[in-house]
Each structure stands twice: as structure tokens, then as C-alpha cells.
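Undergrad: Using only what follows, build the 3D model:
(chains A and B)
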There are 2 protein chains.
Amino acid sequence: MNNILVLGAGRSSGALIDYLSKKSGEHSLQVTVADANEEQAKEKVKNKPNTKAIVFNIEGEDKAADIISKHDIVISMLPPAMHDKVAAHCLKLRKHLITASYISPAIKAMEDEVKSAGILFMGEMGLDPGIDHMSAMQLIHLLKEKGVEIISFKSSTGGLVAPESDDNPWHYKISWNPRNVVLAGQGAAQYLEDGKIKYIPYNRLFLQTTKIKLKSVGTFESYANRDSLSYRNIYGLENIPNLLRATLRYEGYCKSWNALVQLGLTDDTYKVHIDSSFTYHDWIASYLPSSTKPLERRVATFFDLKKSDKTIKDIKWLGLFDKKKIRLKEGTPAQITQDVIEGKWKMKSHDKDMVVMVHEFVYAMKKKRYRLESSLVVKGTDMAHTAMAKTVGLPLGMMAILLVTGKCELSGVHIPVMKEVYTPVLKELEEYGVIFDESVREIKK
Amino acid sequence: MNNILVLGAGRSSGALIDYLSKKSGEHSLQVTVADANEEQAKEKVKNKPNTKAIVFNIEGEDKAADIISKHDIVISMLPPAMHDKVAAHCLKLRKHLITASYISPAIKAMEDEVKSAGILFMGEMGLDPGIDHMSAMQLIHLLKEKGVEIISFKSSTGGLVAPESDDNPWHYKISWNPRNVVLAGQGAAQYLEDGKIKYIPYNRLFLQTTKIKLKSVGTFESYANRDSLSYRNIYGLENIPNLLRATLRYEGYCKSWNALVQLGLTDDTYKVHIDSSFTYHDWIASYLPSSTKPLERRVATFFDLKKSDKTIKDIKWLGLFDKKKIRLKEGTPAQITQDVIEGKWKMKSHDKDMVVMVHEFVYAMKKKRYRLESSLVVKGTDMAHTAMAKTVGLPLGMMAILLVTGKCELSGVHIPVMKEVYTPVLKELEEYGVIFDESVREIKK
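TA: Modelled structure (predicted):
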């Protein structure tokens, strides 16, 4: 039970590999780090006791099966689309699998077989999804034990830049997958309000935000995630009238981002015609009727704003009014925008990222109403040691140790909503500075 | 060369079958009308000389091949998605194929084989696409022969209700595929303006309309079609600075339709949660934040309009504020909206539909600029004899006769942009009242 295979040696696997290596003596672990890029895997295990690096390619079926067969637990940090294949191998070879990704329909369908094989597939075991589930369930179980009526639950998470490294007008830098930043919110958001299902189409998502103040770090705004409804059952809140899961940004971001959405710059369905002299200026102009006026003014007029408005300045800051050749040779609007923000919102090596999570419950007890807020702020050290990698990687590693030590005997396909998982993991996370700050106050009518 | 197979006996095939039957004596035609629904096919051939009805299912490969093998020319009015299969049979069996649908990539890929088989696949041979290509090309060739410089070409078509049958505030009734009415414009429109490519995202499409007045029938507005750019090459207008293909509606429609789009009612990507008591009122409310105010006022406030505004009245007229149970048991927003408009915008049996097409050229000749407008208005007789069926069906039938009589010797995959096709077809269409009205005036600066 001591051979652990970590699939994927990308930016976010550092904290996980560190953790497993540190625990390797105590639990006699052997940790194999596998990646399509052998150099990257080697880099990740340098000076880490009881670890080794190997090449791994999920597409090479026999080789992949051979590697997996030599381990007891697989932790996959591969892109979510590859997890179905990893899971199929694990099921066949009877190996535990832990990921930070959402449970796919294909993996969900393996549920019975996984259970009868006596193995555990634990998904959504990172930050969001992951720590959000665990910390929410701990509070929900506590409130249920108290016998209170839960009226509302709103949960928001953001992967952001720490205030001390925030040096741009968007107050945003990229600490995770930039493609997801560009496509965020496409489709319609669904949530619960006053017992009714509510929908927010993409074209209004970044306008319908909620403000959240956190004393220590600043003011944020949240926009609704695509799916809040399925968490009614998952969290055991079948009859709750208000339920919302959302994403956090610093205040002001959403209004400016909405301008890019309204212009059409996040569309991923067609390729822009880019010729050899096509500039960012030309590109933005292609979304506006022809005019001889300066582009900046045309965009301001389009949004019924002054040229001095923050939104117009933010667009300008991105370089979208520049008469500079577009860097990409081909791409959708979303791909061009991604390339622009990857340049402008790049974390510098000494920058600190920051993870923020806020749970807000409203509940009734003895004819009084209370608001419970539980918030988490984790800052990274630098770009080699991000809060994102830490909060995604540590729960994955801790789950592996729960299996190695026999403290968790679950089998089947699960996400971490049960006490036997969240209690030890949340407790151990505190040792690493992942500590929720809780406050309760009565709501006066 | 005299056996003609008509695939599909739907609403729009009546005029085609009438035409072929009428021509059958002169050209010794035998016309087979084939449909999955035998009754419908029988109904369509009743009292029509030299026609017969049979059952046909494109999924039954051998049977379909057997039927096609017994004919010389196939005219397919099946849904566009089925045409690839029909085309594969026709290629194998060396049969001519005529359709009113866009040439699919799969059919385009058959080009060389079709040509060496010595057969003709003529696509886009209906109204739009079809008559629009033919009438545009006739004008373009005339202008090119004159040696003028074509500066701008805008072409708009609409399948509408005739003014004398227009009795609803939207001034629209459904004379073709209602699903296409609901999904119209999804994706981004692309066109040419002042030599630049312009994009209009869906969320702004119904706001960026152009007004078009036609003396005889009224004022219209047009919104851009998805693709105008590919017609630069097809029409031989490679260097034209302004090119736009668009769709016509009566004035006022687009503003009200845009309200449905902005609310989120045309989204086809998720299913609405419909429970047993879910009303249209509940549904519209699900797109708005909770409030105790009347829904009508909330929608008006949302759009920054007065309750008395036409847009709000139009939404009300559709029944969307009614506390009546939603008819569908399940469906996407687009499907619910389709069901609503199919009820409200239904043509009555005596209603007349109307097809309107407007071409507008701007050209320069001897330092002067001219505006050439060519417009077509065709009204139906009643719902059994619609302008839509006539303008789609007649060109298909006429193309078949061109093949039967040997007047067209084309082979390969084509659309009707060549003189040898458009000249006889446009001429014969005039006998059926499909007559363009042309006017030219100098543009004073």
C-alpha cells in the first residue's frame, strides 16, 4: 500500500510531491512522478527523498497499464479529459485513484464496479472542488446537529493575486488555466433564490455580481457558477431555498470583463480573419460600425461611458487599442484574448498568488436569524510555491495518506463530503496555514 | 432521362410536384413522390397526372438505393442533414441531384468524383439560397459587362406574412421551419464594410439592423446573416469593399425579439427545470432577480422601458406573463419559445404568406455613383399554396427540366451562379409572377 504514482508534473504538482516526499519516511512511501515531459518530472523530484521520475503517456495503453500496475494509489493531476482513461486502467488493475477534477459521467458510471472491486475513486479532492466541499460539509453537519433551519448557503472561491503583488488595474493575475479564465461562465448559470430556480445567461453574468468584503484583504465581487443546483443533494440540503456557488474577483473586474464579453472577444466558435498586418486596433474595430473617430472614443460611446471610465482604461491597458500586430497567426476571439491576458496578467517569479474562499450561511434558530461567515485566505510564497498548488495538492496527498494508513476504508466513487475524510484533512490542513476564520452574528430585521 | 424522384412530401413540396406534373405531358415525365409517411405522399399526388407516391426511408440503405436506381434525376426536399446520404447514393448510381440546401462539406468533397461521373449535383436551388444567387448574379454580370466599379452589394430576404393577413403586433407568422426562426443568428455574423471584415456577436445582432422601405408593401428591417464573406468568391466580387447578406423582418420585430434573446429565451444549451405547476410567468421570473413587483413591471424595468412600450406589449401578447402552465413537459429555453411562437404565429388556412427579396448595389461609373435596387415581392394564395413553397419549388423543378431537355449539360457540384442556369430559370419564373422590380438612381453627394 506504499507505492504512489503521481501523474502530471505541471506547475500545480509541486506542493503535492513535496508533501508526499516529506511523509515518505514515516509511512515508507515510494513516490513515482510521471509526465510526458521527462525533464519536467525530473525537475520536480530533485532533492526529494523517496521519489523518482519516469516518462508516462496515457495514450500508450500497455505501457500506461504496466506503470499503473506497479503502484497502489494513483493521484492524477492530468488534464480532466484524460481521467476517464486513467480510471479505466485503475478499475481493471484495482488501484485507488484520487483527482482534483469533477467526477465525469464515465467515471460515475463505473461506480458499482469500483465498489465491488473494493477500491476508492476520490474525485473533487483539490481546492474548488475539494476544500470547498469539505469545509462546507463540516459546517452543514454542525448546523444540522444543532437542529437549526438553514435558509441560505452561498459559497464563493477565487484564485487571485495577493494584494502585495497586485500591480495592475484589473487586479487580476493568472494562477491557473488561462483558457478557463477566458471561457469562464459560458452557458447559463443556475442557482436557487427564495425557493425558485434562477437562470443567468452569459450575456448578463458579469453584471449580476454580489459584493463581498473581507476585512483583512479587501472587497471582492462574485459571479454565479454554472451549476449550483446539483449541490442540493450532494450537500444534503434538498429543501434549502437559497443556494449559490460563485467565483470571486476583486471589485471592478467584472464590469471591465463584461465589456470584453459584450464586444464579442470571448467567443470561441469561429476563427478571426487575421492577415499579415492585422492589429489589435483593427480587431476591436471589427466589432464596431465603421467610423473615422478614434477607437477609444468609439468603444466608450458604444458602452455609453466616458473615455475616462475605468472600463475603457482597463481595455486600453490590455493593449487592445494598440496599432500593434496581433501575435497569433490564427485563432478564435477567445484564443486571441487568452494570448493577450497571458501576457498582461502573468505572475512574476516573486509574485504571491492568493486563494480566497467564503461560505455564508443564513439560518434560523428559536425564531432568530443568524449569519455565519467562514472565510479562508491563503497566500503563496512565490510562483514556485503558490497558494493554488498548495490548496490543490495538499488535500490530494492527505487523502493518499488516509488510504496508506488504513484510516479511510471507503470504496466506490466519491467526493469528500463525509466526516471520515474531511475531519482529518481539514485538521491537518491547518498545520499548513489553511485555516478558516469564522464569525456568527444575529440578523436584526 | 424522364424519371424524376422527389424525396420529401412536406408542406413545401406542393408547388414543385404541381409544376412537374404540369410539365409531364410535354416532356414525358414520370414523377415519383417519396416520403417516410406514405399517406402524405399520396395526398400530394392526388389528381396529378403522371405522378405516383411511394414510401421511402433514407436509413434503409438497400431499399433507398433500389428506388434511386430506377430514376434519372433526384430532387431532395428532405431535411439538410440527410442530403449527404442521398448524395452518396446518387454518386454511386450516377444520378443527378438537385436540392435547395447549402452544399455541405461532405458533398463539396465529392466534387471531382461527381464531375468524372458526368452527373450534376446542383445545390442552393431554392429561394434563399437559390433565387437570391440567380438574381444577384444576373445583375453582377450585367454590371461587370458595363464595366462599372461595384462598391457595395447588400442582399436581404425574408419569409413573411402578407400585409393583408398580418393581424398580430409582431407582424410575423411562421411560413417555414420554426426551429430556424428561434435559433436564427446564433453564432457571430461576419460581413464586409469599407473594405474591412466586421463581426456582430449574437447578443447585438438584433440591435444592429438596417431599415429598408419598399413602396408597395411597407417598411422592413434587416439583420446580418452569419456568413457574407464566402460570397465574395462565389459571386466573383473578390475586391468588393461592402458585402452583406441579411434577413428581413417587418419594422419593430427585431427590438422585441432582442428582448427575448437578452432575457435568455433562445438558449438551446440546457433544459429548463419544469415541474407540474410551472407557468410561463414563473419561467420569465426565473431570469430576473426576486421581487414582489408585478412581472410586467420587472421586465420593463430590466430593459429600462415603460410598461406601455411596444416591446413589453409584444412579450405580453405572446402570453409570457400568463400564469398558465407551460405546455411542454421538458425542453430548452429555445424549445419552449418555439412552442409558444408556433401557437401564436401560426398561419391560418386562408392566410397569405409573402416572400420579399431586396438587392441593393452601389456602383461607380464615369465619376458618378449610382444606387441600383432590385426587389421581389411574391405573395401566396393561401396556406396550401404559399409563396415560400412556390419560390423554393419552382426553381428546383425548372432545373430538372433543363436537364431533361438537355439545355443544361453541366456536371460536377454547383450552385446556380452561371448564365446557362439563371437566364432560363429567372425568365420562366416570371411566368409564375416571380418578377423583380428594378430602379436606378444617381447618388448625389
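Undergrad: ok, now which ones touch A:Asp282?
TA: Neighbour list for A:Asp282: B:Lys196 [criterion: C-beta atoms under 8 Å, 6 or more residues apart in numbering or on different chains]. Where you see a C-beta, it was placed from the backbone N, CA and C, and this is true even at glycine.
Undergrad: where's it, which helix or strand?
TA: helix A:280-285 (DSSP states H and E).
Undergrad: cool, and A:Lys348?
TA: Judged by DSSP H and E, A:Lys348 forms part of no helix or strand.
Undergrad: quick one, phi/psi of it?
TA: Here is the backbone geometry of A:Lys348 (degrees, to the nearest 10): phi -80, psi 160.
Undergrad: Next, the nearest residue to A:Tyr250 once chain neighbours are set aside: phi, psi?
TA: Excluding the flanking residues, the one nearest A:Tyr250 by C-beta to C-beta, 6 or more residues apart in numbering or on different chains is A:His171, at 3.7 Å. Here is the backbone geometry of A:His171 (degrees, to the nearest 10): phi 50, psi 40.
Undergrad: do you know how far A:His171 is from chain B?
TA: Counting by C-beta to the nearest C-beta, to the nearest Å, the gap from A:His171 to chain B is 26 Å.
Undergrad: Just confirm that residue contacts A:Gly252, I think it does.
TA: Yes. Counting by C-beta atoms under 8 Å, A:His171 touches A:Gly252, with 6.8 Å between them.
Undergrad: if you count what's nearby, which of these two comes out ahead?
TA: Set A:His171 next to A:Gly252 and count neighbours by other C-beta atoms under 10 Å in any protein chain shown: A:His171 wins out with 20 against 17.
Undergrad: Now for that one: which residues touch it?
TA: Neighbours of A:His171 in contact, by C-beta under 8 Å, 6+ apart: A:Leu160, A:Val161, A:Arg249, A:Tyr250, A:Glu251, A:Gly252, A:Tyr253.
Undergrad: most surrounded residue in those?
TA: The contacts of A:His171, ranked by neighbours (other C-beta under 10 Å): first place A:Leu160, 27 neighbours.
Undergrad: which stretches of the stretch 101-250 of chain A form strands?
TA: Here the stretch 101-250 of chain A has its strands, by DSSP state E, counting those that start in this stretch, at A:120-122, A:149-161, A:189-193, A:196-200, A:210-214, A:218-224, A:242-250.
Undergrad: Let's see the longest one as CSV, backbone CA atoms only.
TA: What follows is the C-alpha trace of strand A:149-161 in CSV, where atoms were taken according to Å, rounded to 0.1, in the frame of the first residue of the first chain:
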residue,chain,number,x,y,z
GLU,A,149,-33.1,25.6,9.8
ILE,A,150,-30.6,26.5,7.0
ILE,A,151,-32.2,29.2,4.9
SER,A,152,-29.3,30.2,2.6
PHE,A,153,-25.9,28.9,1.6
LYS,A,154,-23.6,30.9,-0.7
SER,A,155,-20.1,29.8,-1.4
SER,A,156,-17.5,31.7,-3.4
THR,A,157,-13.9,30.9,-4.3
GLY,A,158,-11.3,32.8,-6.3
GLY,A,159,-7.8,32.1,-7.4
LEU,A,160,-6.3,35.6,-7.3
VAL,A,161,-3.2,37.7,-6.8
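Undergrad: Quick check: phi and psi on A:Ile443?
TA: For A:Ile443, the backbone dihedrals (degrees, to the nearest 10) come out as phi -90, psi 120.
Undergrad: could you measure it against A:Leu243, distance?
TA: Remark: distance between A:Ile443 and A:Leu243 (C-beta to C-beta, to the nearest Å) = 18 Å.
Undergrad: Who has more neighbours out of those two?
TA: Ranked by neighbour count (other C-beta under 10 Å), A:Ile443 and A:Leu243 place A:Leu243 first, with 21 against 12.
Undergrad: can I assume that one is in contact with A:Gly195?
TA: No. With contact defined as C-beta under 8 Å, A:Leu243 does not reach A:Gly195; the gap is 10.2 Å.
Undergrad: And the strand or helix carrying A:Trp257, what's buried?
TA: Secondary structure assignment for A:Trp257, by DSSP H and E: helix A:253-263. Across helix A:253-263, burial judged by 16 or more other C-beta atoms under 10 Å in any protein chain shown covers A:Tyr253, A:Cys254, A:Lys255, A:Ser256, A:Trp257, A:Asn258, A:Ala259, A:Leu260, A:Val261, A:Gln262, A:Leu263.
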